[in-house]
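Show me the folded form of this:
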Amino acid sequence: MGRSQECVDRELKGIRMGLIEPGYIKISDPNGTKKIKAVIDCVSDEISFKALENNRAIKEKRERPYRSQEIVNLRVKKFKLEKKLNEFNFLLDQSREGISTKLFKISLLPDSGLIVIDDVSKVIRKDVELAKDLRKSHVKWSENDGVFKGYLSVANLIGVKNTIKKYEAKYSASYKRK
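Below you'll find the predicted structure:
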């Protein structure tokens, strides 16, 4: 059962004001991008405030209240949050589009945080090299479901795509001859 929109808005407002710490935000969180944007806004406000206070102190010829390293650390935190937001958006866009080829069907499940490869042509089970390359991208055979599964992340997704592209050319030529 989902939470009410009022409850979500209250939480986002608290995050934006810096009163609530959002904790670790998962890809399966439906409000994940909103939470990250709220944290970015909060950090941006904090950077602006501390920079203004330091500038006022310099003009009034008194000691700066905030170290410059503190402001740099906040800028780094903001950069990392923006990077995480871009990764979230990329994975969500990819999951909406879906990835399908002649030999494989790749499903991205953001709710459970998984990459699932359905081996339509049973190529992966026959080719040990392909299975090894997929294991490098942290995708392994699931005995229970009969598919290949791995954790959903940008690095894993790109690794899987590159591996599939590499072997797609090799096997599509052999399937055309049959």
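
quick one: the residue lying farthest from the centre of the chain from residue 161, how far?
Distance from the C-alpha centroid of the chain, by C-alpha atoms, centre = their mean, peaks at residue 61 (45.3 Å). Separation of residue 61 from residue 161 (C-beta to C-beta, to the nearest Å): 58 Å. Yep, even glycine has a C-beta here, placed from its N, CA and C like the rest.

Not counting sequence-adjacent ones, nearest residue to residue 161?
In this structure, residue 161 finds its nearest non-sequential neighbour in residue 99, 7.2 Å apart by C-beta to C-beta, 6 or more residues apart in numbering.

give me the number of residues near that neighbour?
Counted with other C-beta atoms under 10 Å, the neighbours of residue 99 add up to 17.

And for residue 19?
Per other C-beta under 10 Å, the neighbour tally for residue 19 reads 10.

same thing with residue 138?
Counted with other C-beta under 10 Å, residue 138 comes out at 15.

Quick check: phi and psi on the nearest residue to it once chain neighbours are set aside?
With sequence-adjacent residues excluded and distances taken as C-beta to C-beta, 6+ apart, residue 138 is closest to residue 150, at 4.8 Å. As for residue 150, its main-chain torsions (degrees, to the nearest 10) stand at phi -160, psi 170.

same question, residue 108
Torsion angles, degrees, to the nearest 10, at residue 108: phi -110, psi 120.

Against residue 78, how distant is it?
Going from residue 108 to residue 78 by C-beta to C-beta gives 27 Å.

So which of those two has more stuff around it?
Each of residue 108 and residue 78 has its neighbours counted (other C-beta under 10 Å); residue 108 has more, 21 against 18.

on that earlier part again, so in terms of bridging, what pairs with the residue nearest to residue 161?
Following DSSP bridges, residue 99 is listed with bridge partners residue 106.

from what I can see it touches residue 117, true?
No. If you go by C-beta atoms under 8 Å, residue 99 and residue 117 don't touch, sitting 9.3 Å apart.

Could you pull out the residues contacting both of these two?
Residues touching both residue 99 and residue 117 (C-beta atoms under 8 Å, 6 or more residues apart in numbering): 105-107.

For ChimeraX, what selects the buried ones among those residues?
Provided next is the ChimeraX selection string for whichever of those are buried by 16 or more other C-beta atoms under 10 Å:
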select :106
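
want to throw the shared contacts of residue 99 and residue 117 into TSV with pLDDT and distance to residue 69?
TSV is the format used below for these (pLDDT from 0 to 100; distance: C-beta to C-beta, whole Å):
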residue	pLDDT	distance to residue 69
105	81	50
106	83	44
107	83	45
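
From the shared contacts of residue 99 and residue 117, pick the one nearest residue 123.
If you rank those by distance to residue 123 using C-beta to C-beta, residue 105 comes first, at 12.1 Å.
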